[in-house]
Each structure stands twice: as structure tokens, then as C-alpha cells.
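Trainee: requesting a structural model of the entry that follows:
(chains A and B)
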Amino acid sequence: GESVGLHLPTLSVQEGDNSIINCAYSNSASDYFIWYKQESGKGPQFIIDIRSNMDKRQGQRVTVLLNKTVKHLSLQIAATQPGDSAVYFCAETPREYGNKLVFGAGTILRVKS
Amino acid sequence: ETGVTQSPTHLIKTRGQQVTLRCSSQSGHNTVSWYQQALGQGPQFIFQYYREEENGRGNFPPRFSGLQFPNYSSELNVNALELDDSALYLCASSRSTGNEKLFFGSGTQLSVL
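Mentor: Residues are numbered from 1 along each chain as shown, chains lettered A, B, ... in the order given. Alright, predicted model coming up:
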């Protein structure tokens, strides 16, 4: 969902369950998308990326799905672990921007043990 | 760790002062981008440097300026600090200005009193 300021949406999951984090992007001309994970006191850490000519890409325990029709991106994390607790951001790069990222608002993922 | 280092990690300034933040890019990366991240929000693009020249700028006033050096390291300068400049300033490096992964440093936390 969308949020403003300090009221980031929060997803709470039980350890071992799968997590799905959603993102709506804004620019239909965007052709490259990235998911970042940000832990407290650290910079964003690259998780996985996908180009607009694909609709799915898998990494280790993570999968990104891209639906260009509705401008929707999702990140699936399998067997969520306590170390996955962080804020997750999707970012898009409108084609004319090169690699200048436009970030979404972020989602807090809390993993309960 | 990404190999992108930023200094200082924390800084406290008063309104009206000037500040310089520094960034060393990851080995092999020639492009440096700067982002501002306010509390509870996603990073916002300030500007990017490539071959020692500004290569794109976000919606930030001229009192935000930068430099890139021959070794690809970079500085962000902010003049006439305002209270709203309080934020985490992130530096990211990449191999080029195209659609490439950006690798972020841990940031400089700037507080303006």
C-alpha cells in the first residue's frame, strides 16, 4: 500500500512462512526495477532486479514478479528468517533517467520467532 | 559490505552553516550518485556524477552541489543549511550511467539544529 511520512506499511510474518511485499510504481516508461533491503543504520542493500522484458526473476529464496499492465511489482521471500526483518524498498528507473532511481515509500517486514 | 565508504558517519550542524560529505566509490565504478533519505521515507535522488561532471539532478536547490575527483570519489556540499536538511545522505556507485545496479554506502546522518 501507499504511505506518507513515518507511517510505513508493516508486514508481520511468522518465521518460516513466505512473505510477499507489494509495490505500485508510477512511470509506465520505467524499464528497470530493483528491490532493496535496508536495515537500521545501514544503506539500502541490493536484493534482486528485473528488466521490463521479463515478468519473473528468481534468486536465492527471493522472487520478483512484474506486472506491467497494472504497474505492480512484488517481492516474494521464501522461508522468512529473523534476519529478513528490515525495510524493503522497490525502485524504478524511468528509461530517460538512466540509472537514477525513483524509490517507493517502503514496507517494514517484521519476522516473529 | 558494498565497498562504498562514506564519511563522516554522523554530523551535527547549526542552521546557516555549510557541510561537506565524502564518498569513496567501489573499485571499478566510475559513477557516483547521491540520495537524501528523510526519516521514514525512501531515498530521493539529488544528483549523479560521471567523468567529474554532473550527469543529472533531482529536485534540489543550487545550494546542494557536488564534485567528483579523478579517482571517482565524490563530495556533496550543502550551503546555508536548513532544519529540513536533516536526513541520512547516501552515496551509491555503479559501473556506468546506464541501467546498472547501484551499490550504496551506509550513509552520513546529518542533524541540523
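Trainee: where does the prediction get shaky in the chain?
Mentor: Here I'm looking at chain A. Scanning chain A for pLDDT under 70 picks out the ranges A:1-7, A:98.
Trainee: not what I meant, chain B
Mentor: For chain B (pLDDT under 70), the answer is B:1, B:99.
Trainee: tell me the strands in it, going along the chain?
Mentor: Ranges of strands in chain B, per DSSP state E, are B:5-7, B:10-13, B:19-24, B:31-37, B:44-50, B:53-57, B:64-68, B:74-78, B:87-94, B:103-104, B:108-112.
Trainee: ok, chain A next?
Mentor: Under DSSP E, chain A gives strands at A:10-14, A:19-24, A:30-38, A:45-51, A:56-58, A:62-67, A:72-77, A:86-94, A:102-103, A:107-112.
Trainee: dump those to CSV, plus mean neighbour count and distance to chain B.
Mentor: Any C-beta I mention is one placed from the backbone N, CA and C, and that applies to glycine too. Formatted as CSV, these follow (neighbours: other C-beta atoms under 10 Å in any protein chain shown; distance: least, C-beta to the nearest C-beta, whole Å):
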stretch, mean neighbour count, distance to chain B
strand A:10-14, 13, 12
strand A:19-24, 18, 10
strand A:30-38, 22, 4
strand A:45-51, 17, 5
strand A:56-58, 13, 13
strand A:62-67, 18, 14
strand A:72-77, 19, 14
strand A:86-94, 23, 5
strand A:102-103, 20, 3
strand A:107-112, 17, 10
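Trainee: about what we covered before: in CSV, list the strands of chain B along with distance to chain A and mean neighbour count.
Mentor: CSV is the format used below for those (distance: least, C-beta to the nearest C-beta, whole Å; neighbours: other C-beta atoms under 10 Å in any protein chain shown):
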stretch, distance to chain A, mean neighbour count
strand B:5-7, 8, 16
strand B:10-13, 10, 13
strand B:19-24, 11, 20
strand B:31-37, 7, 26
strand B:44-50, 5, 22
strand B:53-57, 5, 14
strand B:64-68, 14, 19
strand B:74-78, 14, 21
strand B:87-94, 5, 25
strand B:103-104, 4, 22
strand B:108-112, 9, 18
